[in-house]
Every structure is written in C-alpha cells, then in structure tokens.
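[1] could you look at this predicted model? Sequence included:
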Amino acid sequence: MEHKVTKTQRKVKKGKNLVSSYLCVQFFCYLCRKLRYYNSMGKKKGGKRLGKKQISELLQNLFQHNPNETFSFKQIFKALKLDTHPLKMLAIDTMEEMAWDDFLSKVGENAYRLNMKTQVQEGIFRRKANGRNSFLPDDGGTPVFVAERNSMSAMDGDKVKVSYMARRDKHIKEAMVIEIVRRAHDMIVGKLRVDKDWAFLIPQDSTFVHDIIIPKRKLKGGKTDDKAVVKVTQWPDNEHKNIIGAVVDVLGKTGENNAEMHAILAQYNLPYKYPKNVEDAAEKIDATITQQEIDRREDFRDVFTCTIDPKDAKDFDDALSIRKLDSGLWEVGVHIADVSHYVKEGSTIDKEAYNRATSIYLVDRTIPMLPERLCNFICSLRPDEEKLCYSVIFQLDDEANVKKWHLAHTIIKSNRRYAYEEVQQILEDNGVKDGTGEPAPAATKKNPYKGENATELIVLDALAKKLRAARFKNGSVKFDREELHFDIDENGKPIKAYFKMSKDANKLIEEFMLLANRTVAESIGRVKKGQKAKTLPYRIHDQPDPQKLENLRQFVSKFGYKVKTSGTKGAITKSLNALMSDAEGTREQNAIETVALRAMMKAKYSVHNIGHYGLAFDYYTHFTSPIRRYPDMMVHRLLTKYQDGARSANKDKYEEFCEHCSDMEQISQNAERDSIKYKMVEFMEDKIGNIYDAHISGLTSYGVYAQIDENHCEGMIPIRDLGNDYYDFDEKNFVIVGRRNHTKYQLGDPIRIQVARANLERKQLDFTLAE
C-alpha cells in the first residue's frame, strides 16, 4: 500500500490532476489485487483465470471496434462478461492506466471512450503481398504496421481511419483499421473461373487477398480462363464476409497479348480504350489554319526545320529550326506543338487529358493522352505540313551562350522527319565519335560535310555539346542509364531483348529541350527582390537522402572509390559525377549506379519551386511535350495568359493539378514496368534449363536478383535455393552472408545461373545457381 500511494503522489507531481474519486478507485484496486492474491480469486465462471494482460486485450478490442462510443462501467462489465468483483476492479484499474497512457479518455466519474485525438488518425493504407501492410498518416508521420487481421479488408491506396493499438512489450507500433473512408478503386482485374453453380475472379494483383464471387447472371459472357475487369458491388462488412462483383469487361483469353496488355492497364485503373464522346469531339475540331491566325504569329515556314524522334514515333511534338543571322549569331528555334490552341480548357477533350495526365508507353503500344486525330495528325509536327507552334527562339554564339531569346506563337513547316539513328549516322559519317563530347571536325572544300542537311545538324550537335558541357560544369548529375527494349513480332511476342543507350543524336534534342524548359521557367520564377512570382507548375527535384548517400559512400569504399556526402551541393554533385566516370566500364558499374540512383529523390510537379537538383537548375518546368504530358499544356496556357497581361493563377488550384499529374506519372511508370516484366518472362519461357553468365542486380531478405549479361533479363534466386546454410541480409552494405560457410552474395558480383521457372501470370522469372 505504501508503494502504491507513493506512485500516485509521483504522478501528481508530474502535473496530473487527480480528484478524490480517482484516489478511491486506486485504493479499491489495490485492495482487490490483495484479495486476488490471498484468496486466489479472479476466475471467470466456467472459464480460465483472466489476468491483467487478457483484460487489457479485451478492453483494447472493445474500444477500438467502437471508436465513437462512450461506455459506462456497467456496459463494459456486461460487454466483457466480467461477473466477479475482483475482475471488475481489475478492469477499472487497467482503464485508469490506459487513460494515463492517453489511450482512453475519462468521461465523468464512471465512463470511458477511446481518445480520438491521439489514437485515431486518417491516412492511406498500403497493402503488401508479404502481409506487412502499413498505414501512412495524412500528417506525413512515420508509417505504422497493420496486421492482416486488423486490416478490415482494406485495399492498397484506400483512405482509412485507424486506431493505434497499445504497444505490446518488445513489439513494434501497430494500428487497426476501424473505417474505410474512401475506396481507392472498385475495379479489379483477374482471371475468371466459372463452375456449374457459381463463378469467381482470381485477382491478378498479388496483394489482393480475396477472390471475388460473381453471380452467374453478372458474367457478361465471360468464361473460365478469360481475363476480365470486375466492379465490386459489395465489400465485406459485419454482415457479409465475401466480396461480390459483376463483370464490366471481358478482355480476352489469358495469354493473348492484347488481353494481357489491357489487363496491366486495367489493374492500375488506366484507360485501355478511348471514350467515344472524346473521339467524336476530336473529329469535330477544325484543323484549318486561317490567314488571320497566320498573321498573328511569327512565320518560320521558310526556315530550315526538322524533327528528330524514335523511328516508330507518330506524335512529333517538338522541332528545331536553325539559321545564321547577319550578326553572326545562330538562331535556334525550339518549336513545340501548340496543343492548347486546339484543346480548350474545360472541354471534353481537356477533361479526359487531365484525367490521364500522361501518355503511357507499354512495350508494344502507346496509350495516348490525347485522341489519335490530335496527337498523330492535327498537332503532330509532320514534314511538309504547316503547323501551329509555341516556340522559344534563341540567339546563340558559337559557344552556345544565349545572347537573346523570346517566346512566340509561330507557324512552321518541317523540312524533314529524322529518326535518331539517321542523325547519328550523319554525325558519325562526318567524324563525330559518339560519347566523347567532341563535335565534328570543320568541313573543308576538299572534305565538305556529307549527308542530307548535314551542316545544319552538325551545327546543332556542336551547340548542344557546348550546352551539355556547361550544364555538367554547373553541377548537373551525370546518369546515362541503359533502357531495356524488345523487338516484337506481329503477334506481340518478343523475339529480341537488348539495352538501348542514349547517343549523341538523342542528346542533341535533349539539350535544346532542357534549355527551353529552363528558360521559360526562369522567365516566370526569377523576379526582382520584393516582387512575387506568378503561379507556374515547376518540375522539382529535391536533394539526395543524406542517409542513402552515406550508404553509397560505405558501399563504394569496398571497391576503392570515394564520394563526398557533405559539403556544398556543387561539391557533392562533382564527387558523384567523378564516381560515375571512374566506375564506367568496370564490373561494379551497374551496382554503383543502382545504389546511387536509390539515393536520389523522385522528381515531381509543384507550384512551390525548390529547383531541380539533378539538372542543377534553379528554375525548371515542362514546356516541350504537351501532346503527351498535361503539365506542359498547363504551362502553355499560363504563359499565354501572362503574355496577354493576366494576373497570377490560383496557386492552390494548380498545386492540386500538380499532385494529380505526379501521381498519374508514377502509376503510368508502374504499368510500363509491368509490361516490361511480362515481355521479359515471355521472352524467357522457352529457355527453361539454359545456363547464363549474369551479375547480381538486387538483394532482398527473401532472395537474390540476377541480370543475365547476354539479354539483360532479370530473375530471382530464392534464398532457399542458395544452398545448405542460413543467410543474413545486410541491407546497409548490400550483401547476403551465410552464417555457417560465410558465403557472400554482393550487389554487382558475377554469378552463373540456370533458368528454372517462368511464371507469366506473376510476371516472375526464377533462377537457380548453376552447378
């Protein structure tokens, strides 16, 4: 008793206001505990002894499942069936402690409720295939673990309300979903199974833990093994345990190329066909360019202009013009399709474009942001056709210094449509060595430049290389990552896999697009001291994660490299670029680039400018691709309004637009990656048993990822197949080590693998170690 009073007094000193009734409860609880100890009481009638731990769990469940209810002592005793005096006193004692811990709030003298201020929050639910689900609070707090039994069948991306659980000894913090505030989506993709009396959908998404029951009258003609899209009509609740749905679209047989690509899009709630009303609206657009429209624009129809794009591209949204001025300067025009001239804000086409926010590039197809008539015909800067553009016109000296520039609505007529490969060939035919950064040697009378429009292309290349050199000198990060590509046959089946490198022809276009994007961003964002910049969507990129940079430093030190993790932004960037150059061509190059990329933050759209770290630009936006990116259309519209003297646009409204576009960009990239995975597995499914040289491309606690050197396809060796040992994953040092034999598997290490399994439905390749 002495001890308990002292404990109470200590709490009083901490500033807790205890009323006399509170002390009485504590006193009675003390007596009850003594009674239980001496009289061996506390047994529930007909059941086992209930201890404090069990009482605490019962109380937690009661309040968490009824977060909006206030319970009196009498109601609590009845709900928990506490029918002995010692158990009732133990419950009161436990609730007092829960109130001290801010888990409960006391209501009057004899009632409690869940403390909503500290115990209930809203946020996003993230579902994982391995069951380690998490809750991301809206206030940006740390993610919290949600066990499957406490998930209330919440799906990935759902807006949920959770109650935090009292932390158990030696356990991580946990939360329990108590309400689904808003479902992220109600369309589920999967494979149908139809039996005599019932049917169900087996979801394609491995994080979806339930099959969906479908009444046979709601199958819409779907049969067993068809890929289908199902709309959920009933989610689980207190009265219903199953998910019920109805088929809204049958995509085709499992394994058919079209069905599989459409299934990938539908899984991410991305469109796989264009609404008829939007296509009809596009058909009604008048593509005629009137003389009145020509008169209000700068005319570049007589200036050499060309487009340079991938060989299979159809939507040409940028072109370059070049001519030598009397002043000796080079005039370079960056001409961008004037999409906003045709797509009016708030129109049917505009609303659909906003919803999509970006074009999607799967392995075998493009799902455009705009209807085909606009993106491939009216707006596309096709050769020998007059087109309307929004252009940034530069005057550059031979060192690519911008002496003068202006923004203008223009009309152009492209002289030539080039593929990257054609321009690259012209450059190399005239002495350019790709990747050296050196321009073509000067032409002479004996050795003139050869190739169609060679002089213009070579000058553009030389200027672009000056711009590129200046950009890296100014602190731009140098990442030239290879991209996996497939050659596919007429049925969509991959017949060749290879990495595609960005060459000088690609970089030529890239540098002028970067220059235009930066210049128009500066024109709005950079204002005199005391002035406020007008609203503009920027493309922002934050500084690297310090901890991940430190991980990179520790990792590269094993190979004998050094990299700075502190100091000025420029010093860190310079150090990163030196690391990339030193590692180029080495065995560990891919591993170092992978770890370095992980340290980088993701770029996104925002009206709140923080600059672009990767490019080392203080101001940067997206202006140059309005056919395939909605933010570029927003920028075009705002720039046009500001040129006409309009006031600044609503910042909050455009920030909301930016968040939507950033989200859609990420979702589209996920779909693109899934299409690559599918084609990769499809390419390898007839190569089971083949042995290849590979290198370790990734490590997890459950396996080793390896990339085949010959075709760059990636698969996983499960931990269980690594040999007769227990393995520990050292995430910080990117290594897996055997406890007994000390065998090491380090990121970047060469490894010899055998193809074991190719699971198309899971888009998963399994390897084993070759003998």
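    Looks like it came in fine.

[2] quick one: buried residues of stretch 646-654?
    Judged by neighbour count (16 or more other CB atoms under 10 Å), stretch 646-654 contains these buried residues: Ala649, Tyr654. For every residue, glycine as well, the C-beta is placed using N, CA and C.

[3] just the residues contacting it, thanks.
    Lys532, Lys534, Thr535, Pro537, Val607, Met634, Leu638, Lys641 (CB atoms under 8 Å, 6 or more residues apart in numbering).

[4] how distant is that stretch from the center of its chain?
    The chain centre lies 26 Å from the centre of stretch 646-654; the measure is CA atoms, centre = their mean, to the nearest Å.

[5] looking at the contacts of stretch 646-654, spot the one nearest Gly560.
    Nearest to Gly560 among the contacts of stretch 646-654, counting by CB to CB, is Pro537 at 43.4 Å.

[6] Leu325: how many residues sit nearby?
    Neighbour count of Leu325, defined by other CB atoms under 10 Å: 11.

[7] wait, it sits on Ile393?
    No. If you go by CB atoms under 8 Å, Leu325 and Ile393 don't touch, sitting 11.0 Å apart.

[8] quick one on the thing from earlier: need the max-distance pair from the contacts of stretch 646-654.
    Across the contacts of stretch 646-654, the longest distance by CB to CB is 19.4 Å; it joins Lys532 and Met634.

[9] more neighbours, these two?
    More neighbours surround Met634 than the other of Lys532 and Met634, with 25 against 7 (other CB under 10 Å).

[10] related to what we said a few turns ago, which residues do Leu325 and Ile393 both contact?
    Common contacts of Leu325 and Ile393 (CB under 8 Å, 6+ apart): Glu331.

[11] list the contacts of Pro275.
    Contact analysis of Pro275 by CB under 8 Å, 6+ apart lists Glu352.

[12] now do it against Ala603, distance only.
    In this view, Pro275 and Ala603 are 30 Å apart by CB to CB, to the nearest Å.

[13] again, but for Asp730
    Asp730 sits 30 Å away from Ala603, going by CB to CB.

[14] same drill for those two, tell me which one is more crowded.
    Set side by side, Asp730 and Ala603 show more neighbours around Ala603, with 17 against 12, by other CB under 10 Å.

[15] these two touch, right, that one and Leu615?
    No. Ala603 is not in contact with Leu615 according to CB under 8 Å; the separation is 9.1 Å.

[16] give me the common contacts of those two.
    With CB under 8 Å, 6+ apart, Ala603 and Leu615 have common neighbours His541.

[17] which SSE is the spatially closest residue to Ala400 that is not a sequence neighbour in?
    Closest residue in space to Ala400, ignoring its immediate chain neighbours: Lys466 at 3.5 Å, by CB to CB, 6 or more residues apart in numbering. If you go by DSSP states H and E, Lys466 is part of helix 454-473.

[18] what about stretch 303-320, average pLDDT?
    If you average the pLDDT over stretch 303-320, you get 93.

[19] ends of that stretch, how far apart?
    From its first residue to its last, stretch 303-320 covers 10 Å (CA to CA, to the nearest Å).

[20] return the distance of the helix holding Lys466 from the chain's centre.
    33 Å.

[21] after it, next one along is what?
    That would be, after helix 454-473 and using DSSP H and E, strand 483-488.

[22] identify each buried residue in that next one, please.
    Leu484, His485, Phe486, Ile488.

[23] and for stretch 746-756?
    Applying 16+ other CB under 10 Å to stretch 746-756 flags Gln746, Leu747, Gly748, Asp749, Ile751, Ile753, Gln754, Val755, Ala756 as buried.

[24] mind listing the strands for the stretch 551-700 of the chain?
    Secondary structure of the stretch 551-700 of the chain (DSSP state E, counting those that start in this stretch): strands at 604-606, 691-700.

[25] how about those, which one is nearest Asn517?
    strand 604-606 (12.5 Å).

[26] same for the closest one, what does it pack against?
    In terms of contacts (3 or more CB pairs under 8 Å, 6 or more residues apart in numbering; DSSP states H and E), strand 604-606 is packed against strand 538-540, helix 651-684.

[27] pull up the pairing partners for the first one, direction included.
    Counting by DSSP bridges, the strands paired with strand 538-540 are strand 604-606 (antiparallel).

[28] so what touches the partner strand?
    Identification of contacts with strand 604-606 by CB under 8 Å, 6+ apart yields 537-541, 622, 631, 655, 658-659, 661-662, 665.

[29] pLDDT added to those residues, as CSV?
    Listed next are those as CSV, based on pLDDT from 0 to 100:
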residue, pLDDT
Pro537, 98
Tyr538, 98
Arg539, 97
Ile540, 97
His541, 94
His622, 98
Pro631, 98
Glu655, 97
Cys658, 97
Glu659, 96
Cys661, 97
Ser662, 97
Glu665, 97
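
[30] check contacts around the closest residue to Val303 other than its chain neighbours.
    Of all residues not flanking Val303 in the chain, Ser321 sits nearest, at 4.6 Å (CB to CB, 6+ apart). Counting by CB under 8 Å, 6+ apart, Ser321 touches Phe300, Val303, Phe304, Thr305, Glu331, Val332, Gly333, His335, Ile412.

[31] if you set the cut-off to 10 Å instead, what comes out?
    Residues near Ser321 by CB atoms under 10 Å, 6 or more residues apart in numbering: 300-306, 331-335, 389, 391, 393, 410, 412-415, 456, 460.

[32] now the residue nearest in space to the middle of the chain. Nearest residue, chain neighbours left out?
    Per CA atoms, centre = their mean, the C-alpha nearest to the average position across the chain is that of Gln666, at 3.3 Å. Distance criterion CB to CB, 6+ apart; nearest residue to Gln666, sequence neighbours excluded, is Lys602 at 7.7 Å.

[33] residues contacting that neighbour?
    Going by CB under 10 Å, 6+ apart, Lys602 touches His541, Asp542, Ser662, Glu665, Gln666, Gln669.

[34] kindly report the same for Gly560.
    Neighbour list for Gly560: Asp582, Glu588 [criterion: CB under 10 Å, 6+ apart].

[35] now do it against Asp582, distance only.
    Gly560 is 9 Å from Asp582, by CB to CB.

[36] ok so, going back, need the pLDDT of the residue nearest to Gln666.
    92.

[37] torsion angles phi and psi at it?
    Dihedral pair for Lys602: phi -80, psi 140, per degrees, to the nearest 10.

[38] quick one: buried residues of the helix holding Lys466?
    Buried, per 16+ other CB under 10 Å, within helix 454-473: 454-468, 471.

[39] gap between the residue nearest to Gly738 when sequence neighbours are not counted and Met716?
    Computed as CB to CB, 6+ apart, the closest residue to Gly738 that is not its neighbour in sequence is Asp725, at 3.9 Å. Going from Asp725 to Met716 by CB to CB gives 18 Å.

[40] higher neighbour count, the two?
    Between Asp725 and Met716, counted using other CB under 10 Å, Met716 has the larger neighbour count: 20 against 13.

[41] where do the strands sit along the stretch 101-250 of the chain?
    Going by DSSP E, counting those that start in this stretch, the stretch 101-250 of the chain shows strands at 104-106, 111-114, 120-126, 133-137, 144-146, 159-164, 175-182, 187-194, 199-203, 212-214, 226-234, 243-253.

[42] other SSEs contacting the fifth one?
    When you say that, I think you mean strand 144-146. strand 120-126, strand 133-137, strand 159-164, strand 175-182 (3 or more CB pairs under 10 Å, 6 or more residues apart in numbering; DSSP states H and E).
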